[in-house]
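A.B. asks: model the structure of this input:
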Amino acid sequence: MNHLMIDDQYDKMPWNEIDAVVFDVGQVLLRFVPQQLLERIVPERPDLHSMLHTWVFQSPYWVMMDRGLSVEEAAARMTTRAPQELAPYIRRVMENWIDLEEIAEGVRSVHTCKAHGKKLYVLSNYSRAPFEHALHTHGFFQLFDDLFISSHHQLIKPDPAIYTKATQRFALDPARTLFIDDNPANIEGCLRAGWQGLCYNRPGKLDAFFAE
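C.D. replies: Okay, the predicted model is just below:
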């Protein structure tokens, strides 16, 4: 296992040491902040935001969407025992959260890696229909050579199997592969798989690491 993240080994991206860069999507390329989504989707009921956060984003059904459960089925399950007042707002959130704004720093990093001739891939926990929406909404996905989306394979990070499957699908040399994710557990998973890892846990980190 490689115990050090790449930015603990190098001050700047070691372009000659890396062949492929694998990007997560949520909070790396697209902004996913539940509280901000609730403020946008249910602006008139801030008093319900805390409950909606619990019933939607902290629900096991939310995680199950990343394994392939449909948005419609997840919403139906979330509202089964929800307070009557909450149910229509749960459905509204589930129908409207998918429009996410791009994170400019993350997208810049994709373009920088592409300009340096690196192979580019996506490895993301993402539900099926919302990802298809994102794929057709955001042009930067055209820069990637291939995609591995959890709901298409019924595997989610940081399950070790997902890194094994992605390594095989993308024909990666693990030691020469860099994975960028905002979740420390997912970075630990990639390090255990022998990949290089960079945890995007603060604004400006990617711009600084990929700076020329």
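A.B. asks: going forward, measure contacts and count neighbours with C-alpha atoms only.
C.D. replies: Will do.
A.B. asks: any figure for the gap between residue 13 and residue 113?
C.D. replies: 10 Å (C-alpha to C-alpha, to the nearest Å).
A.B. asks: and the strands in the protein?
C.D. replies: Secondary structure of the chain by DSSP state E: the strands cover 20-23, 119-124, 146-149, 177-181, 196-199.
A.B. asks: possible to save those as a markdown table with mean neighbour count?
C.D. replies: Converted to a markdown table, the strands of the chain look like this (neighbours: other C-alpha atoms under 10 Å):
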| stretch | mean neighbour count |
| --- | --- |
| strand 20-23 | 25 |
| strand 119-124 | 21 |
| strand 146-149 | 20 |
| strand 177-181 | 23 |
| strand 196-199 | 25 |
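A.B. asks: and residue 76, which of these is closest to it?
C.D. replies: Distance to residue 76, taken as C-alpha to C-alpha, is lowest for strand 146-149 among the strands of the chain, at 23.2 Å.
A.B. asks: what's the average pLDDT for that closest one?
C.D. replies: Taken as a whole, strand 146-149 has a mean pLDDT of 98.
A.B. asks: pull up the pairing partners for that strand, direction included.
C.D. replies: Next to strand 146-149 in the sheet, as set by DSSP bridges, lie strand 119-124 (parallel).
A.B. asks: reformat the strands of the chain as TSV; add distance to residue 86.
C.D. replies: TSV is the format used below for those (distance: least, C-alpha to C-alpha, whole Å):
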stretch	distance to residue 86
strand 20-23	35
strand 119-124	30
strand 146-149	31
strand 177-181	33
strand 196-199	36
